[in-house]
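> here's a sequence, model it:
(chains A and B)
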Amino acid sequence: MASPLPLGQLHNNFRRTIAMIQETLHVLQTKRTVSALKLLHIAVAGAILRTVNSDGPTSKHTTSFLDELLGLASDPESDPVFKNPYLNMDGLYRSGETQQGILTYSPRLVSVDFQGSLGSMSSRGTLYSDGSFAPSDVVTWTGGVSTQAFEPHKKNLFLQSLYEEEQENCTTMSGTNSGKNDSRREIQDKDIVECLDNNVQFWTDYSKVHYHPQSLYELSGLWMDAQEFNNYGIGKDAFAEGFRGEEIRERLRFFVEECDHIQGFQFVVDDSGGFSAVAAEFLENIADEYTNTPVLLYAARGPGSHMSVRSRKQTIFKELHDAVSFSRLAPFSKLIVPIGLPFLSTSKASTFLHFKDEKPYHCSAVYAAALHSACIPFQMEPVGPSADSGDVSGAMDVNGLIQMLAGQARQNMVSILDVSMPAPALNGKQGGQSLLGSLQPLTPDVAKDVEDLQAVESMTVHGALGSGGHYALIPEVKDTVRAMYEQARTRPMFCHLSVARSPLPIPLPFPSIFGNHVGQRGELLGSPVSGSSSRGSLDVHSVPMAVRLRSSSAALPYIENRLGNLRRFGIERGAPGAELLRNWGFGKDELDDMGETLSKMVMTLDPHSQMSSDSD
Amino acid sequence: MSLRVLNPNAEVLNKSAALHMNINAAKGLQDVLKSNLGPKGTIKMLVGGAGDIKLTKDGNTLLKEMQIQNPTAIMIARTAVAQDDISGDGTTSTVIFIGELMKQSERYIDEGMHPRVLVDGFEIAKRATLQFLEKFKTPVVMGNEPDKEILKMVARTTLRTKLYEALADQLTDIVVNGVLCIWKPEEALDLFMVEIMHMRQKFDVDTRLVEGLVLDHGSRHPDMKRRAENCHILTCNVSLEYDKSEINAGFFYSNAEQREAMVAAERQQVDERVRKIIELKNKVCSGNDNNFVVINQKGIDPPSLDLLARAGIIALRRAKRRNMERLVLACGGEAVNSVDDLTPDSLGWAGLVYEHIIGEEKYTFVENVKNPHSCTILIKGPNDHTIAQIKDAVRDGLRAVKNTIEDEAVVLGAGAFEVAARQYLVNEVKKTVQGRAQLGVEAFADSLLVVPKTLAENSGLDTQDVIIALKGEHDRGNVVGLNQHSGDPIDPQMEGIFDNYSVKRQIINSGPVIASQLLLVDEVIRAGRNMRKPN
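Below you'll find the predicted structure:
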């Protein structure tokens, strides 16, 4: 790397840090009573640790959003609605300092993935690297040096432009863009979007965040790719082998040690392959080490994992994997949110979206947007239950959410994620849909129109547009939602509502997935915009979002399917998959335990279920 | 072929093609690792797709970093990596031994010999070699005090294959002293009790052994002391943070005051625990200028840190789980899981505790302890590559010392064992074997020579000359190895070149097993992917 890079980063990070300081200062002013020392505590009090464990790119998008928000908040020319002192990123991000004294701001994240999955990004990130290295610098060995170079991954246009921006910033040291500069950028942006749409291979191709050297962990020495590493059995030993488990745990500890008060772990895993076994081992470790820290698990998978199934044998293989991985992951988390529809692009959740299922870059963007919105309540500054600020309301921590959804009377730990993207305007005239009706599940195998008197919901609405096309005020949103529920046919027992005024920003690397009914601020237009059929970050700058986590018996089919498959293919006498499960290293006792775990989960949702009773 | 009917996409390699695919893969892997072997090997620089650099001289690390795709190569690599897991060394030797067995076999198979016969010969030769190893090894008596000199020689032999001589010699003492620090007669050695810590600072020669512990974190309160002498150490696993998740009633308050009151009540429990620790501190530290350090495996939140700081206590949170054990071994006392029955007896002692900060990284040194049974090897180096190099070497060195203590034996190095075993097989064993299996024994015997051959090759010597010289000396009854500088035979005993007995045994054991499996492959069937594509 050339030497000017750290300087560029200095500037970038400087900007980020300023944004952060502004936020904390706002807190100070509104709270008035806190001392300077306390200030620090608040900054990290909301610490959430996001543990990613996936070969899917979903989680990586979410970090992009946060970064974008920070960028927008610090840009003096941007819409004031983004400047939201009550949304505190410090829970998800940490600030640090390199040995050279350069300030850094990076996500609190541990990511575990295949070796070689980072594309053109170095696993140690660029923030803390000690610059160039020449073979002549080998100081520990006086003998010869032989070099083996892998084919270098080229940085795509987007990454090139990021790099250039950093370089530019370090020469001009000014954050405002002149008009001339803008027009030049515009052309380039188009190329960037096109380049991303066609050529994304790795999640690092569209990530603009700097990562801490402790963040990105690669599983080396597996000698397998996603095609082979595709079932629970094969991943079972991957965590414990060699020093891997120890090293991953150490990395997590690094981030936890920094937290003054850790809210919980958000754990994203692609559970369609061997990584679900890695995750289960990791989660078991977390449950053991951080006993009282809640774990919120998102079991996400891309549409691709449903498509390739052909023969009966493969079907059994797949179903058994799903059943086993669900029943192994569930016991070590407090709340589990399955995400991943078999055909996302044609599902109701994608009514106003336009993209193809084959592209993980596109699908993961939808999931990431939903996850990002779902965790907005965790980032709100708690200001007490009665006193709401003008910009946010309904702050909740991870533990609060889990207690509400999984801890109340029924103790059901499987939640459904519904999303409305973009959320329709509150008056419901646009697009002919009401907010409530537009919420569609991203969780597979969900029963429709179930009346469940004990359902509990947590809804987050942010950036909703009110009458006249401006961002609705908090009370307006609250009243509308309340009114809608009163009119609805089925009503949950309890619904927690979190509202923020700032919408979801659409950063440049966001894929072009919006349909041609979506306007610049995510409003739904009456007639389609002429031009291309899909619109991306150049045309749509932000979208209003509504997401809902719901603990309801509508999730019953999801669990029942898994229980049924486990029994039919694995446990019953002469089951066709018994041999397979033995190969995966499961004895009869373990299988019975798994069956029991699942039937208990069924029982909590439906006490009269036929499936829950062991008929023998 | 019937399989074609079942699956038209399946690719089938017949017998000879399958065999050659296996042989070529084994040879290919051997070629990659060959230049690594010994104190004259080359260090490998791997440049990844992102332009990031990894430097390694360690076969194990190299294999793991390579993205191997050929199924045969993967099988060999797995065996070699398992070798490292079991005995801590010998990865490179395993790979080149398997490669050589395949190469030697190829000659005979091309002449029309059936692999089965070769494999039978391998089996006989393997058993004979293992028996020979028992006779050949040099026993080491451990008794109450291990022979430090022999441990040093073994460690030095390993370290010199990973680091330049001066540094290797410096680390030899560190490694041996480290193991002896945790060694207790009649007890199994747990190498985890030697902590390996690194700091990106200064130079490789500043690496040292800390008799005590270095933790990779510091106190999280500005008012806590950065340096303290005469410290009582409390090692504990007690949550000192307000844990909301312990209670279920998050939502049933109706106003802010009620909520505050509830939080306060819950907070009290935590404060109570902190108060008990402070009580103990006051008990042991009143009337003297001793200090008190709390090292906790669980979290400590800011209010608790505040209380502790005001009482003059240094507190560290989220210590490594293993450090709980190490601390007790280093400082004495015991790890407590509850503050209810705290006594001065549960405290450990350290003469000096201080913090060191580099950038955002903090280190806490717990030093000047009495009778330590745990210690830290503190690696220093100007960059990550240097640190990684030294770390690899230190791990190998520790394992070599441990193996020696457990084996109570060592084997003469520098290729001496391989040449001796080869002569034994050819001169004695071969005669006793009936029929064509003799050729298997011969192939095995010649394969053993790959170690001295490669050592010679890496030193830029003429392989033929070296082997002839070595064989000659052995036939005259002198057990000799290879002098890497001159190419002359030397006495490894005099030079202090010793290898681990268990490593050698493991190589002799696993090499022929994998080679036999690969040789006996009749047909390779694979549906879907093209296996002839280059990897």
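> every contact and neighbour count from this point should use C-alpha atoms.
Will do.
> for residue B:30, helix, strand, or coil?
With DSSP: H, G, I helix; E, B strand; the rest coil as the basis, residue B:30 sits in helix.
> is it true that it touches residue B:95?
Yes - between residue B:30 and residue B:95 there is a contact under Cα atoms under 8 Å: 5.9 Å.
> these two: which is more packed in?
residue B:95 (28 against 22; other Cα atoms under 10 Å in any protein chain shown).
> list the contacts for the residue in the stretch 51-200 of chain B that chain A sits nearest to?
Residue nearest to chain A within the stretch 51-200 of chain B: residue B:64 (3.9 Å; Cα to the nearest Cα). Counting by Cα atoms under 8 Å, 6 or more residues apart in numbering or on different chains, residue B:64 touches A:220, A:221, A:222.
> A helix includes it, no?
Yes - assigned with three-state DSSP, residue B:64 falls within a helix.
> for the residue nearest the centre of chain B, which non-adjacent residue is closest in space?
Centroid-nearest residue in chain B: residue B:395, 4.3 Å away (criterion: Cα atoms, centre = their mean). Using Cα to Cα, 6 or more residues apart in numbering or on different chains and skipping the chain neighbours, the partner closest in space to residue B:395 is residue B:88 (7.9 Å).
> could you list the domains of the chain?
I'll assume chain A. A:5-129+A:164-302, A:376-551 (automatic domain parsing).
> actually chain B
B:2-139+B:411-526, B:213-371.
> give me the phi and psi for the closest residue to chain B within the stretch 401-550 of chain A.
Residue nearest to chain B within the stretch 401-550 of chain A: residue A:403 (6.9 Å; Cα to the nearest Cα). Backbone torsions of residue A:403, given as degrees, to the nearest 10, read phi -60, psi -40.
> determine the number of other residues adjacent to it.
Count around residue A:403 with other Cα under 10 Å applied: 22.
> wait, residue B:359 sits on residue A:128?
No - the pair residue B:359 / residue A:128 is not scored as a contact, 10.3 Å apart, by Cα under 8 Å.
> tell me, what's touching the two both at once?
In contact with both residue B:359 and residue A:128: A:98, A:99, using Cα under 8 Å, 6+ apart.
> between the two, which one's more packed in?
Using other Cα under 10 Å, the more surrounded residue of residue B:359 and residue A:128 is residue A:128, with 18 against 14.
> now the more buried one: closest residue in space, sequence neighbours ignored.
The nearest residue in space to residue A:128 (Cα to Cα, 6+ apart) is residue A:98, at 5.8 Å.
> about what we covered before: secondary structure element for the residue nearest to the centre of chain B?
helix B:384-407 (DSSP states H and E).
> export that helix to PDB, keeping only CA atoms.
What follows is helix B:384-407, C-alpha atoms only, in PDB (Å, rounded to 0.1, in the frame of the first residue of the first chain):
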ATOM      1  CA  ASP B 384       3.000  -9.200  12.600                       C
ATOM      2  CA  HIS B 385       5.000 -11.400  10.300                       C
ATOM      3  CA  THR B 386       7.900 -11.600  12.700                       C
ATOM      4  CA  ILE B 387       5.600 -12.300  15.600                       C
ATOM      5  CA  ALA B 388       3.800 -15.100  13.700                       C
ATOM      6  CA  GLN B 389       7.100 -16.700  12.800                       C
ATOM      7  CA  ILE B 390       8.300 -16.700  16.300                       C
ATOM      8  CA  LYS B 391       5.000 -17.900  17.600                       C
ATOM      9  CA  ASP B 392       5.100 -20.900  15.200                       C
ATOM     10  CA  ALA B 393       8.600 -21.700  16.300                       C
ATOM     11  CA  VAL B 394       7.800 -21.400  20.000                       C
ATOM     12  CA  ARG B 395       4.800 -23.700  19.700                       C
ATOM     13  CA  ASP B 396       7.000 -26.300  18.000                       C
ATOM     14  CA  GLY B 397       9.800 -25.900  20.500                       C
ATOM     15  CA  LEU B 398       7.400 -26.300  23.400                       C
ATOM     16  CA  ARG B 399       6.000 -29.400  21.900                       C
ATOM     17  CA  ALA B 400       9.400 -30.900  21.200                       C
ATOM     18  CA  VAL B 401      10.400 -30.400  24.900                       C
ATOM     19  CA  LYS B 402       7.100 -31.900  26.000                       C
ATOM     20  CA  ASN B 403       7.500 -34.900  23.700                       C
ATOM     21  CA  THR B 404      11.000 -35.600  25.000                       C
ATOM     22  CA  ILE B 405       9.800 -35.600  28.600                       C
ATOM     23  CA  GLU B 406       6.900 -37.800  27.800                       C
ATOM     24  CA  ASP B 407       8.800 -40.200  25.400                       C
END
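> got a list of what the closest residue to residue A:334 other than its chain neighbours touches?
Take residue A:334 and drop its neighbours on the chain: the residue closest to it by Cα to Cα, 6+ apart is residue A:295, 5.5 Å away. With contacts defined as Cα under 8 Å, 6+ apart, residue A:295 is in contact with A:264, A:265, A:266, A:267, A:332, A:333, A:334, A:335.
> dihedrals phi and psi, residue A:295?
phi -120, psi 120.
> measure it to residue A:282 for me?
12 Å (Cα to Cα, to the nearest Å).
> do the same with residue B:493
For residue B:493, the distance to residue A:282 - Cα to Cα - is 48 Å.
> do the same with residue B:373
Taken as Cα to Cα, the span from residue B:373 to residue A:282 is 30 Å.
> neighbours of residue 126, just the number please.
Just going to use chain A. Count around residue A:126 with other Cα under 10 Å applied: 19.
> wrong chain, I was asking about chain B
Other residues close to residue B:126 by other Cα under 10 Å number 22.
> what packs against whichever helix or strand it is part of?
Under the criterion of DSSP H and E, residue B:126 resides in helix B:115-136. Applying 3 or more Cα pairs under 8 Å, 6 or more residues apart in numbering or on different chains; DSSP states H and E, we find helix B:115-136 packed against helix B:91-110, helix B:416-424, helix B:437-448, helix B:501-519.
> ok, so what distance separates residue A:147 from chain B?
Residue A:147 sits 5 Å away from chain B, taking Cα to the nearest Cα, to the nearest Å as the criterion.
> bridged to the spatially closest residue to that residue that is not a sequence neighbour, which residues?
Spatial nearest neighbour of residue A:147, chain neighbours left out: residue B:45 (4.6 Å); criterion: Cα to Cα, 6+ apart. Beta-bridge pairing for residue B:45 (DSSP bridges): residue A:147, residue B:55.
> pull the contacting residues for residue B:45.
A:135, A:145, A:146, A:147, A:148, A:149, B:53, B:54, B:55, B:56.
> the second one: how many residues sit nearby?
Translated: residue A:145. Neighbours of residue A:145 (other Cα under 10 Å): 19.
> wouldn't it be in contact with residue B:44 here?
Yes - counting by Cα under 8 Å, residue A:145 touches residue B:44, with 5.8 Å between them.
> low-confidence ranges in chain A?
Applying pLDDT under 70 to chain A flags the ranges A:1-91, A:129-137, A:169-187, A:304-310, A:381-390, A:408-409, A:428-433, A:609-616.
> run the last query once more with 50
A:1-64, A:66-85, A:173-183, A:386, A:430-431, A:612-616 (pLDDT under 50).
> how much space separates the residue nearest to residue B:311 when sequence neighbours are not counted from chain A?
Residue nearest to residue B:311 in three dimensions, not counting chain neighbours: residue B:278, with 6.7 Å by Cα to Cα, 6+ apart. As defined by Cα to the nearest Cα, residue B:278 lies at a distance of 21 Å from chain A.
> appreciated, that's everything.
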